[in-house]
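A.B. asks: Dropping a prediction and its sequence here:
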Amino acid sequence: MEILEDMDGRHSVAWARNERFEESWKGRIGHMASYLGGAQSVVDYGSGPEWLKEFLAPGVAYFPCDYVRRSESTIVCNFNRWEFPCVVTDAAFVSGCLEYVDQPEWFIEQVSTHSERVVMSYCTIDQNPDRAHRRKQNWVNDLSEPRLIEICADFKLRLVQLDRSIPTNTIFVFQRTVPLSTWAVLCYRRTPSGDLHNVGDYIQSLAAACLAGFDITDAPTIDREHLAGYAGRLMRIVLNGWFSHSAEALPASSSLSVEALSFHLSHQKLADAQLGTLTNWLRHVGPIGCRDQSTLGWCQKADVPAYLSGCITPLVGALFAQATRTDRVVIVDPWLPARRRGSSILTALKAVFTKPWTVFKVARAPQNHGSLRALFDSALFVGVYGRFLSDRLIRDAEWRTHLFQRSSFTTEASVRNHMRDILATYAGASMVITTRIHAALPCYGMGTPVLFVTGDEGEGRYQGLVERFARIRLDSSGRADRDDVARLAPDGLIDRPIPAVALGDDEKREMLGLLDRHQALRARR
């Protein structure tokens with residue numbers, strides 16, 4: 001007798017594993033395998049004992065995936081923790097799996113962007129209507145046949161075969177309506193704890209699609225922190241963004257042809273041995289197109305061939321540019337000094353007593369949620385920014401944040417829609433005040449005036465990026481640089497939008513040609 005567990009570790013129904021049982025299930029799997037066609041690579045989601053391998057032709061690459069290790073080759077992923085394997089294949093095999101997935105839309109979206117063909121069995125609610133029985137089996141969703149087909153269609157999977165030969169377990173065969181891109185795109189791991197993610201990361205992924213000229217909805221997604229573990233088809237990928245948060249991020253798999261440009265390196269968390277391996281790999285794949293002077297300086301010291309490529313997110317802004325604007329100023333994640341500093345406490349208290357109505361208006365912004373911490377931050381903001389922004393401008397401003405709870409969004413598509421809503425807000429704004437570089441640079445691309453405010457840390461990663469913006473630098477106590485304020489507001493307070501500095505046509509063409517120039521540099525090495 002063997003006790004099975006579902007993907008959350010809950011005990012399921014006990015069943016006797018005998019020859020008759022195995023023969024029955026192997027028969028089903030063999031029947032489903034006949035729909036794989038001429039696939040030369042197959043990923044098996046919920047692979048279990050990995051019986052599918054027995055039915056594949058010699059030479060077919062087989063990638064088993066399950067929530068526990070079944071063999072040395074098993075890729076361990078728990079779909080109910082939003083883990084997904086970094087594998088791109090000709091075909092996907094999904095049998096005895098989808099019923100146990102809490103978020104079937106997310107799972108189907110992931111499957112659709114990692115394989116051209118999908119062979120799936122599923123016990124639909126039409127054929128298995130007893131919900132009590134479904135829960136007894138630990139099935140956590142109840143999709144009808146039309147709903148399953150509809151979800152797949154939303155993610156460019158067209159039904160090509162429907163097999164009801166097994167009365168309670170329908171077999172669906174789907175084919176992508178558009179072939180997968182030869183370019184992959186970076187994605188960012190979601191966790192069940194609902195940790196904060198940054199819209200700026202997704203803006204960078206869209207920028208890579210703009211640069212390389214592919215539709216992001218057709219691109220396989222590969223976790224930025226697990227590039228080393230990628231397997232399957234040879235894919236190309238632009239490594240634009242922030243690296244490395246983990247030792248599993250880089251060096252990237254040899255199955256990835258990387259273009260390291262608009263690249264920022266934060267190496268402080270890596271051990272010496274890991275840093276040495278990473279440095280050798282960067283020398284091998286270079287030259288490195290560095291996003292900022294800080295990364296360029298490190299590469300030069302480490303004898304890594306490199307040049308300053310800048311950031312490519314203005315290309316995203318160009319997609320959202322519009323002729324009409326509102327008179328609304330938008331404030332995005334402003335920098336604040338440390339809360340526990342004595343000067344911060346005094347600044348906040350002074351703002352509460354001298355500008356209570358302005359503090360109240362800021363505290364009522366949707367992102368502030370009315371908590372005591374938000375009230376303190378609102379008072380601190382008014383105390384710091386009220387030194388160079390007028391009360392009227394602060395009170396009338398609209399607030400946005402690039403941080404969001406990833407668990408609030410079911411699919412990657414829904415996150416991208418959220419990103420587009422934010423960018424559309426910037427496109428219609430009269431001015432954006434921010435510390436977020438991936439708010440400021442898209443605004444530059446769309447011609448929205450930007451006031452970029454920075455604290456006393458992080459200067460290195462901004463060098464080479466922010467010189468095009470109007471800028472105010474704050475010290476650790478939140479005091480603004482007098483010269484910066486004088487250049488923008490001779491009378492001491494900014495009360496209206498500042499002039500825009502926009503991405504010009506020549507600069508846009510030069511940015512769009514960055515990939516070609518980068519590849520030419522690599523070819524000459």
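C.D. replies: Structure received.
A.B. asks: least trustworthy helix or strand in the protein by mean pLDDT?
C.D. replies: Every helix and strand in the chain was compared by mean pLDDT, DSSP states H and E; the lowest is strand 11-15, with a mean of 41.
A.B. asks: what ranges do the strands span in the stretch 1-150 of the chain?
C.D. replies: With strands called from DSSP state E, counting those that start in this stretch, the stretch 1-150 of the chain shows them at 2-5, 11-15, 41-45, 61-66, 75-76, 87-94, 115-122.
A.B. asks: what about the strands in the stretch 201-350 of the chain?
C.D. replies: Using DSSP E, counting those that start in this stretch, strands in the stretch 201-350 of the chain cover 221-223, 231-232, 235-238, 241-243, 256-259, 263-265, 288-290, 306-308, 329-332.
A.B. asks: Quick one: closest of these to residue 28.
C.D. replies: Of all the strands of the stretch 201-350 of the chain, it is strand 231-232 that lies closest to residue 28, at 25.3 Å by C-beta to C-beta. C-beta coordinates here come from the backbone N, C-alpha and C atoms, glycine included.
A.B. asks: which residues touch residue 64?
C.D. replies: Counting by C-beta atoms under 8 Å, 6 or more residues apart in numbering, residue 64 touches 43-44, 47, 50, 52-53, 70-71, 73-75.
A.B. asks: before we move on, the earlier item: wait, which of the strands of the stretch 201-350 of the chain is closest to residue 372?
C.D. replies: So among these, strand 329-332 is nearest, using C-beta to C-beta, at 20.8 Å.
A.B. asks: re earlier: figure out which of the strands of the stretch 201-350 of the chain is closest to residue 37.
C.D. replies: Once those are compared by C-beta to C-beta, strand 231-232 is nearest, at 17.1 Å.
A.B. asks: Who are the packing partners of the closest one?
C.D. replies: Contact here means 3 or more C-beta pairs under 8 Å, 6 or more residues apart in numbering; DSSP states H and E; on that basis strand 231-232 packs against strand 61-66, strand 87-94.
A.B. asks: Name the spans of this structure whose pLDDT lies under the cut-off.
C.D. replies: 1-21, 190-194, 247, 268-269, 366-370, 457-460 (pLDDT under 70).
A.B. asks: Look at the closest residue to residue 161 other than its chain neighbours and tell me its secondary structure.
C.D. replies: Among residues not flanking residue 161 along the chain, residue 173 sits closest, at 3.6 Å (C-beta to C-beta, 6 or more residues apart in numbering). Counting by DSSP: H, G, I helix; E, B strand; the rest coil, the backbone at residue 173 sits in strand.
A.B. asks: Next, count neighbours for residue 173.
C.D. replies: By other C-beta atoms under 10 Å, the residues close to residue 173 number 21.
A.B. asks: How about the contacts made by it?
C.D. replies: 35, 117-120, 159-163.
A.B. asks: Mind putting the residues you listed into JSON lines with neighbour count?
C.D. replies: Below are the contacts of residue 173 laid out as JSON lines (neighbours: other C-beta atoms under 10 Å):
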{"residue": "35", "neighbour count": "19"}
{"residue": "117", "neighbour count": "21"}
{"residue": "118", "neighbour count": "26"}
{"residue": "119", "neighbour count": "25"}
{"residue": "120", "neighbour count": "23"}
{"residue": "159", "neighbour count": "15"}
{"residue": "160", "neighbour count": "12"}
{"residue": "161", "neighbour count": "11"}
{"residue": "162", "neighbour count": "11"}
{"residue": "163", "neighbour count": "16"}
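A.B. asks: Residue 395: which of those residues is nearest?
C.D. replies: For these, the nearest to residue 395 is residue 118 (53.0 Å; C-beta to C-beta).
A.B. asks: close enough to count as contact, the closest one and residue 156?
C.D. replies: No - distance between residue 118 and residue 156: 10.9 Å, which falls outside the contact criterion (C-beta atoms under 8 Å).
A.B. asks: overlap in contacts of the two?
C.D. replies: Common neighbours of residue 118 and residue 156 (C-beta under 8 Å, 6+ apart) are residue 112.
A.B. asks: Specify the local secondary structure of residue 453.
C.D. replies: With three-state DSSP as the basis, the three-state label of residue 453 is strand.
A.B. asks: now it, nearest residue through space, not along the chain?
C.D. replies: Of all residues not flanking residue 453 in the chain, residue 472 sits nearest, at 5.1 Å (C-beta to C-beta, 6+ apart).
A.B. asks: rewinding a little: can you say which of the strands of the stretch 1-150 of the chain is nearest to residue 195?
C.D. replies: Residue 195 sits nearest to strand 75-76 of all the strands of the stretch 1-150 of the chain, at 20.5 Å, using C-beta to C-beta.
A.B. asks: The closest one - contacts with which helices or strands?
C.D. replies: Checking 3+ C-beta pairs under 8 Å, 6+ apart, strand 75-76 ends up next to strand 61-66.
A.B. asks: For the strand it packs on, which strands pair with it and how are they oriented?
C.D. replies: Note on strand 61-66: by DSSP bridges, its sheet partners are strand 41-45 (parallel), strand 75-76 (parallel).
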